[in-house]
Each structure stands twice: as structure tokens, then as C-alpha cells.
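Q: Need coordinates for the below:
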Amino acid sequence: MKIDWAALGSVFGVSLAVTVGLVALFTLGIMGLSRRERATAQGNSATLAVTGAYVCFAACAAAVAYGISLIMTKA
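A: Residues are numbered from 1 along each chain as shown. Got it, this is the predicted structure:
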């Protein structure tokens, strides 16, 4: 059995980049919701922060759904 180390490294690199990207996107969504809480406490409107948070969460959900669809089509 021969291991293709270049392919293994490529898979590791892509999975690491996607994981970091999803965590960053989810963190931006949490920060948007946090800004909403702060703006509400101050009596201001935070529609842009809430919209940005929902867009971030939707992108995370889309990426997870895409990953699941890749797994299901390959099985």
C-alpha cells in the first residue's frame, strides 16, 4: 500500500481552511447579535447588524448543507 502524501496534505489544508472560515463566519454572526443587544440597550436600531448576523448564519448553514450533500453523493 502506497500513501499519496501530497493528496493527504491537500485534503488536510482544505479542511483546515474551511474549518477556520466557518468558525470566523459564525463568530461574525455572534458579534452581530451582540451588537444588536448593545444597540437595544442604548435605544438605537441595529437592523444592519442583525441582517449581517443572519447572512453569516445562513452562509454557515449553506456550507454545512453543501458538505453533507458532497458526502451523500459520494456514498
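
Q: Let me see the ranges of the strands in this protein.
A: Shown for the chain, no strands are assigned by DSSP state E.

Q: give me the low-pLDDT residue ranges for it?
A: Along the chain, segments meeting pLDDT under 70 span 75.

Q: all helices for this structure, in order.
A: Remark: helices assigned in the chain by DSSP state H are 5-42, 47-74.

Q: Which positions within the first one qualify as buried?
A: If you call a residue buried by 16 or more other CB atoms under 10 Å, then helix 5-42 has these buried ones: 25, 28-29, 32-33, 35-36, 39. (C-beta placed from N, C-alpha, C; glycine too.)

Q: cool, stretch 58-72 as well?
A: By neighbour count on 16+ other CB under 10 Å, the buried set for stretch 58-72 is 59-60.

Q: Run the chain-centre distance for that stretch.
A: 10 Å (CA atoms, centre = their mean, to the nearest Å).
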